[in-house]
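Colleague: 3D model of this:
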Amino acid sequence: MNIKKMITVLVFIICLLYCSLMSQGITDEQYYGQKPPGVTPELYNPTFSFLDGVKTGDIIQSPDGKEVCYVIEDTSSKERYDRNYIHYRKMENGKWKNPEIAYFVANQGKGSIPQFSPDGNRFSYSYKGHIWASVKKSGQWSLAEKLPEPINSEYYQCGFSMVKSNMFYFASAGRPEGKSKQCDIYCAKMGDSTCVNLSNLNTERSECVLAVNPDEKYIIFTRYFNKSGKDAVDLYIGFHKNNGSWTVAQKLDSLFNSSGSNHSPRFSSDGKYFFYRQSIWIDSNTIETKQYWVRTRTFDEMRESELKNTEK
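Modeller: Modelled structure (predicted):
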């Protein structure tokens, strides 16, 4: 084979590899310099150069890794509960565009708990006790609208989680079918008029913030406790059984639950990783918060063992 033909073949192979990579979702190498963890939790502390020192919470990536949303608090605002703004950035031609308050978020961009759906075509967030959603049409996001009943109601809606199916999981406080006036976990089919109280997950305590694996194999959520006179939450897990019901929730072990508050559960859009935070009281005035991540294979193994015991 002469040199010209060899170069042509090499260019063709490189093009195939590039197209293959571009067609995939977020790859392990896209976690901003972080080496992916195994089944033991590790610190998650990626470097997002485009933030340029801006303080924010979780960076929420779209499934293809080309869009991000994050919340920035307006500390100069006199509002106590209405000063979080959702910011948005999009990658074009390999470069991040300038940041902006998300144009598709209603209420002047105010909100919290931003989430992309696993397929990347829906975006939801919370604002003043209600859940809002935007839909991607022809590459552009529609202006968000408040989700209808039974997801939103006259009561307070807390955390939520989107999955691959048309099920929508959420927490809500004060509903008459709840176990108490605290937050309970529910699910509803998008477009349906009824919702289901997932009673095996709920107690008289508050179950407020939740994350469901995109394939709905398990759910991890927070449950409120008072620890040494301080408000705190621990992480609990429930497994989806083959008959469609859920197992009774169980507390995750000390790898996930510290003596402090253990919170902010979420899954990557591909379901491969689980993220959470731990806040430890250093002294009466100081709290140290760290974020961790772990490969979800550990939960798959837990589910397999649990279902063997419960479905005999």
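Colleague: Which stretches in the stretch 151-300 of the chain count as helices?
Modeller: Secondary structure of the stretch 151-300 of the chain by DSSP state H, counting those that start in this stretch: the helices cover 297-310.
Colleague: For it, which segments count as strands?
Modeller: According to DSSP state E, counting those that start in this stretch, the stretch 151-300 of the chain carries its strands in the segments 156-162, 167-173, 183-189, 195-197, 207-212, 218-227, 230-239, 250-251, 261-267, 273-283, 286-295.
Colleague: between the longest one and helix 297-310, how big is the angle?
Modeller: Angle of strand 273-283 versus helix 297-310, following axes from the mean of the first three to the mean of the last three C-alpha atoms, to 10 degrees, is 100 degrees.
Colleague: Quick one: distance of strand 273-283 to the chain centre.
Modeller: Strand 273-283 has its C-alpha centroid displaced from the chain centroid by 15 Å (C-alpha atoms, centre = their mean, to the nearest Å).
Colleague: Over to the shortest one?
Modeller: A distance of 20 Å separates the C-alpha centroid of strand 250-251 from that of its chain, computed with C-alpha atoms, centre = their mean.
Colleague: pLDDT weak spots in the stretch 1-150 of the chain?
Modeller: Applying pLDDT under 70 to the stretch 1-150 of the chain picks out residues 1-33.
Colleague: can you give me the helices for it?
Modeller: Counting by DSSP H, counting those that start in this stretch, the helices of the stretch 1-150 of the chain are 3-23.
Colleague: would you turn the strands of the stretch 151-300 of the chain into a markdown table with mean pLDDT, mean neighbour count and distance to residue 110?
Modeller: (C-beta placed from N, C-alpha, C; glycine too.) A markdown table is the format used below for those (pLDDT from 0 to 100; neighbours: other C-beta atoms under 10 Å; distance: least, C-beta to C-beta, whole Å):
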| stretch | mean pLDDT | mean neighbour count | distance to residue 110 |
| --- | --- | --- | --- |
| strand 156-162 | 96 | 23 | 16 |
| strand 167-173 | 97 | 23 | 19 |
| strand 183-189 | 97 | 23 | 22 |
| strand 195-197 | 95 | 17 | 26 |
| strand 207-212 | 97 | 24 | 19 |
| strand 218-227 | 96 | 20 | 23 |
| strand 230-239 | 96 | 20 | 24 |
| strand 250-251 | 98 | 12 | 34 |
| strand 261-267 | 96 | 22 | 20 |
| strand 273-283 | 94 | 17 | 23 |
| strand 286-295 | 94 | 15 | 23 |
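Colleague: just so I know, which of these lies nearest residue 94?
Modeller: Closest of those to residue 94 is strand 273-283, at 24.1 Å (criterion: C-beta to C-beta).
Colleague: Quick one: neighbours of the closest residue to residue 192 other than its chain neighbours, just the number.
Modeller: Distances taken as C-beta to C-beta, 6 or more residues apart in numbering place residue 150 nearest to residue 192, at 7.7 Å, with adjacent residues excluded. When neighbours are defined as other C-beta atoms under 10 Å, residue 150 has 18 of them.
Colleague: which ones are touching residue 150?
Modeller: 186, 188, 192, 193, 194, 195 (C-beta atoms under 8 Å, 6 or more residues apart in numbering).
Colleague: Tell me the spacing between residue 73 and residue 43.
Modeller: 24 Å (C-beta to C-beta, to the nearest Å).
Colleague: Comparing the two, which shows the higher neighbour count?
Modeller: residue 73 (13 against 10).
Colleague: List the residues that contact the nearest residue to that one once chain neighbours are set aside.
Modeller: The spatial neighbour of residue 73 that comes closest, neighbours along the chain excluded (C-beta to C-beta, 6+ apart), is residue 84 at 5.4 Å. Counting by C-beta under 8 Å, 6+ apart, residue 84 touches 71, 72, 73, 74, 110, 111, 112.
Colleague: Then residue 51?
Modeller: 59, 70 are the contacts of residue 51 under C-beta under 8 Å, 6+ apart.
Colleague: tell me the contacts of the nearest residue to residue 277 once chain neighbours are set aside?
Modeller: Sequence neighbours aside, residue 264 is the residue nearest to residue 277 in space, at 4.2 Å (criterion: C-beta to C-beta, 6+ apart). By C-beta under 8 Å, 6+ apart, residue 264 lies in contact with 57, 58, 209, 275, 276, 277, 291.
Colleague: May I see those residues organised as a markdown table, with distance to residue 156 added?
Modeller: Shown next, in a markdown table, are the contacts of residue 264 (distance: C-beta to C-beta, whole Å):
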| residue | distance to residue 156 |
| --- | --- |
| 57 | 21 |
| 58 | 22 |
| 209 | 13 |
| 275 | 25 |
| 276 | 23 |
| 277 | 23 |
| 291 | 27 |
